[in-house]
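Novice: Got a predicted model here, sequence first, then my questions.
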Amino acid sequence: MFNKIQRMQRLIAVLFLGFASGLPLALTGQAMQAWLTMDGVAIATIGFLALVGMPYTFKFLWAPLMDRFEPPWLGRRRGWLVLTQLALAAVIYFLSTLNFGTSPKVFALIALLVAFVSASQDVVIDAYRTDLLKENERGIGASMSVLGYRIGMILSGGIALIWADQWQSWNRVYAVMAALMLVAAVFSLLFLPSVKSDVRPLHSDPKKELLGFVALIAGVFVGAYCIRQLFVLVGINLDDANKWMQLFYVLTSIGVALPLGLSAAKIVGFATLNQSLSSYFSQKSAWAFLILIILYKLGDAFAGSLLTPFLLKGMLFSQVEVGIVNKMLGIWLTIIGAFIAGLLMIRITLFQALMSFGILQLVSNFGFYALALLGKGAWGSFILMPFDIGFVSIASPTQIDNLLLSAIALENITSGMGTAAFVALLMSLCNNQFSATHYALLSALASVGRIYVSPISGVLSESIGWESFFLFSAAVALPGLIMLWWMRHAIKKIGHDPLET
């Protein structure tokens, strides 16, 4: 009985932290896209602004500091949780005081800071979850994490649209989100169970660790500066260049700056980073798993990268309708999908879950293709009557498009199921001594699609149209499934076998 209570406490903690992780993500994603779309910002520009999410793809660079150092009094993980959540409350509130039209550079910079602190919170949450859950709890734990994560995004990426429409103010919406992050910090401080583990941080020289991190950052900046000067030398004016050239510049800068920074860190002696990366790459099929992680949700990332601008500007749905359908009505199907995934993963192997859920993810992209092809009203609609449930209300009857509802429902269920299996895969690849760095590296690569396809999606959707764009998103999901099948034996070795429970 006592063990069951402890297990329930662990799962509730994972559910809450999933919510805390999902809430700020939409504030530099779907919610920000809606804000900028309603302010009349071009879709290609909105696509490029998705690059403020780059910290999610580089969080493994500072994750070693969170593995190595412990804030006093609150423990190895909980201390960092409280600090990052307090910082999130502060920077989100600062963003709520800005406007893109009057100060675009400051707005983009603070949005980048929100993403940085949010990515840092994710580093701790992912490590905490990995350290907290037992091996046979990872399937249902991943499901609970995805459920909480989706609820957080529903609030900041769906209900936020309704509030913005009713309040006529996105600034006020962001201020409310800042207050919620403050509440999350208090909850983490008072109620989260501490992680009891015999695994301790790596014993190394703290000064050398910090110096290594400084060297890493310096190397990144030197690499980025050199690439910019190279573009200037060949006569390319990046301010006047087309979107494809600007995107090429960003990707080239990353491709040069990151290896240079890692080399500098290795030379100076960033021990936790160096040893944690060595620990991961010593595993069999390490590189193959990295490729799989990038490819597995790539099609899903393309389809969802500019979903909010597509619905608001491309299909001319209202903010209220998008908020209700995309999140509020979709929440119940998301919950069902997450629980189905968790229950199935108790009974099937990790490979079976990844393959079956991955195929369903691919199929869901055709729902948006049908919406783009057939158009608004093709399957009719129904009227949602006014309601008031306290934190959100609708004052007048709202028309709900049936095809929109069907496409969103299919996406919510399948993406949630795929993510649950995916999170279980990532946890299985982590070493507890370096769990923050390992999970940060793996989840950073998982977010490559979500962050870097947005600029491509913005230019591509304007070039080939929404119908062809969603067909393309389905096609790019195929390599991930092929890679998954090729690696089936390696996955079966690391996955928990339900027959052994």
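Specialist: Alright, I've got the coordinates.
Novice: Could I get the buried residue list for the helix or strand where residue 85 lies?
Specialist: Here residue 85, judged by DSSP states H and E, is contained in helix 78-96. Neighbour-count burial for helix 78-96, with 16 or more other C-beta atoms under 10 Å as criterion, is recorded at 78-89, 91-93, 95-96. C-beta here means a position set from N, CA and C on the backbone, and glycine is covered the same way.
Novice: which helices and strands does it pack with?
Specialist: Packing partners of helix 78-96 (3 or more C-beta pairs under 8 Å, 6 or more residues apart in numbering; DSSP states H and E): helix 2-27, helix 104-132, helix 170-191.
Novice: and the first one, which residues are buried?
Specialist: If you call a residue buried by 16+ other C-beta under 10 Å, then helix 2-27 has these buried ones: 7, 10-11, 13-27.
Novice: now do the longest one
Specialist: Within helix 104-132, the residues that qualify as buried are 107-108, 110-132, counting by 16+ other C-beta under 10 Å.
Novice: Give me the average confidence score over it.
Specialist: Averaged over helix 104-132, pLDDT sits at 89.
Novice: now that helix, how far from the centre of its chain.
Specialist: With C-alpha atoms, centre = their mean, to the nearest Å as the basis, helix 104-132 stands 10 Å off its chain's centre.
Novice: and the next helix or strand after it, which residues are buried?
Specialist: On the C-terminal side of helix 104-132, the nearest following helix or strand under DSSP H and E is helix 138-154. Residues of helix 138-154 classed as buried by neighbour count (16+ other C-beta under 10 Å): 138-154.
Novice: ok, now stretch 178-191?
Specialist: Applying 16+ other C-beta under 10 Å to stretch 178-191 flags 178, 180-182, 184-185, 187-188 as buried.
Novice: cool, stretch 393-413 as well?
Specialist: For stretch 393-413, using 16+ other C-beta under 10 Å, the buried residues are 394, 398, 400-401, 403-405, 407-413.
Novice: How about stretch 64-82?
Specialist: 64-68, 70, 74-82.
Novice: And those residues, which is the shakiest by pLDDT?
Specialist: Out of these, that is residue 76, at 67.
Novice: The helix or strand of the chain with the lowest mean pLDDT versus helix 78-96: what angle between them?
Specialist: Using mean pLDDT, DSSP states H and E, the weakest-scoring helix or strand in the chain turns out to be helix 435-464, at a mean of 74. Interaxial angle of helix 435-464 relative to helix 78-96 (axes from the mean of the first three to the mean of the last three C-alpha atoms, to 10 degrees): 30 degrees.
Novice: chain center to helix 435-464, what's the gap?
Specialist: On C-alpha atoms, centre = their mean, the centre of helix 435-464 falls 9 Å from the chain's centre.
Novice: Could you do stretch 483-492 as well?
Specialist: That offset, for stretch 483-492, works out to 24 Å (C-alpha atoms, centre = their mean).
Novice: Quickly note the distance from the closest residue to residue 442 other than its chain neighbours to residue 441.
Specialist: Counting by C-beta to C-beta, 6 or more residues apart in numbering, residue 426 is the residue found nearest to residue 442 once chain neighbours are left out, at 4.7 Å. Distance of residue 426 to residue 441, given as C-beta to C-beta, to the nearest Å: 10 Å.
Novice: quick one, which of the two is more surrounded?
Specialist: Taking other C-beta atoms under 10 Å, residue 426 and residue 441 do not tie; residue 441 has more neighbours (26 against 22).
Novice: check contacts around the nearest residue to the more buried one once chain neighbours are set aside.
Specialist: Of all residues beyond its chain neighbours, the one nearest residue 441 is residue 60 (3.9 Å), with distances taken as C-beta to C-beta, 6+ apart. Going by C-beta atoms under 8 Å, 6 or more residues apart in numbering, residue 60 touches 437, 440-441, 444.
Novice: Let me know the closest of those residues to residue 229.
Specialist: Lowest distance from residue 229 to the contacts of residue 60 (C-beta to C-beta) belongs to residue 444, with 27.4 Å.
Novice: I figured the closest one was touching residue 54, is that so?
Specialist: No. Judged on C-beta atoms under 8 Å, residue 444 makes no contact with residue 54 at a distance of 10.0 Å.
Novice: Which of the two has more residues huddled nearby?
Specialist: residue 444 (23 against 20).
Novice: What separation is there between the nearest residue to residue 342 once chain neighbours are set aside and residue 362?
Specialist: Distances taken as C-beta to C-beta, 6+ apart put residue 143 closest to residue 342, at 2.9 Å, once the chain neighbours are dropped. Per C-beta to C-beta, residue 143 is found 21 Å from residue 362.
Novice: same question, residue 129
Specialist: If you go by C-beta to C-beta, the gap between residue 129 and residue 362 works out to 27 Å.
Novice: now residue 484
Specialist: With C-beta to C-beta as the criterion, residue 484 and residue 362 are 12 Å apart.
Novice: Show me the helices in the stretch 201-350 of the chain, by range?
Specialist: 206-233, 243-268, 271-281, 286-296, 298-305, 307-309, 319-323, 330-347, 350-374 (DSSP state H, counting those that start in this stretch).
Novice: The residue nearest to residue 442 against residue 446, yeah?
Specialist: Yes. Counting by C-beta under 8 Å, residue 426 touches residue 446, with 7.1 Å between them.
Novice: quick one on the thing from earlier: residue 314: which of the buried residues of stretch 393-413 is nearest?
Specialist: Of all the buried residues of stretch 393-413, residue 314 sits closest to residue 404, with 11.9 Å by C-beta to C-beta.
Novice: in terms of contact, does that closest one touch residue 321 like I think?
Specialist: Yes. Counting by C-beta under 8 Å, residue 404 touches residue 321, with 7.5 Å between them.
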